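J.: this one's structure only:
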């Protein structure tokens, strides 16, 4: 497999057409080797336009979603980031290249262990990995300049918005299957946030997420 040709095709055929035009984001996709974070059995699919299974009902995002989120968050070199759901560690590595520090929380211990090993192997030193349930917030290291939820939520817990610093941004996929909204929230003042709907998509629920009460007729 010609990895570099496959990587180039991923960027040019999947990611650019999905409105990802920030050259610094595109450059990063060449620098951080996605195939190194994919489970070995799926290595040949590292650049395919699909979600790659990780086990425990979880999966890696499709490459175009990873790139689009990086672009929308517009991370700065001084930013402190919270990632809810470490998964393979690939998105953690991308975030770490754009920000000062990334706190990433994973509920599945084996995911955390594997991601920690991969990040260390690639000399990614500005990521702190923790095992925990952050589905309803993780204020421990806040306030944060950026927050990413890697699974969907029926309703966004207020705790995440409360943990944003002024000017902070939060990416979340909100709603119920089959159609959910990818949203970018921005903290415009202490306790006040606005949001923009970026696109429609569908993601598996964040593990242990709080479900809203539903009426049964």
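T.: Good, I have the coordinates. Computed from a predicted model, the values in this text were never measured in an experiment. Numbering: from 1, shown residues only.
J.: Show me what the top strand by length along the chain is packed up against.
T.: Looking across the chain with DSSP state E, the single longest strand is strand 164-176. If you count contacts as 3 or more Cβ pairs under 8 Å, 6 or more residues apart in numbering; DSSP states H and E, strand 164-176 packs onto helix 63-73, strand 144-149, helix 158-162, strand 179-189, strand 192-201. Every C-beta, even on glycine, is put in place using the N, C-alpha and C of the backbone.
J.: Could I get the buried residue list for it?
T.: 164, 168, 169, 170, 171, 172, 173, 174, 175 (16 or more other Cβ atoms under 10 Å).
J.: same check, this time on stretch 42-53
T.: Within stretch 42-53, the residues that qualify as buried are 42, 45, 46, 47, 51, 52, counting by 16+ other Cβ under 10 Å.
J.: And the furthest pair within those residues?
T.: For the buried residues of stretch 42-53, the maximum inter-member distance is 13.2 Å, found between 47 and 51 (Cβ to Cβ).
J.: hang on, the earlier thing: show the average pLDDT along the longest strand of the chain.
T.: Mean per-residue pLDDT for strand 164-176: 97.
J.: quick one: that strand to chain centroid distance?
T.: Centroid separation for strand 164-176 versus its chain: 11 Å, with Cα atoms, centre = their mean, to the nearest Å.
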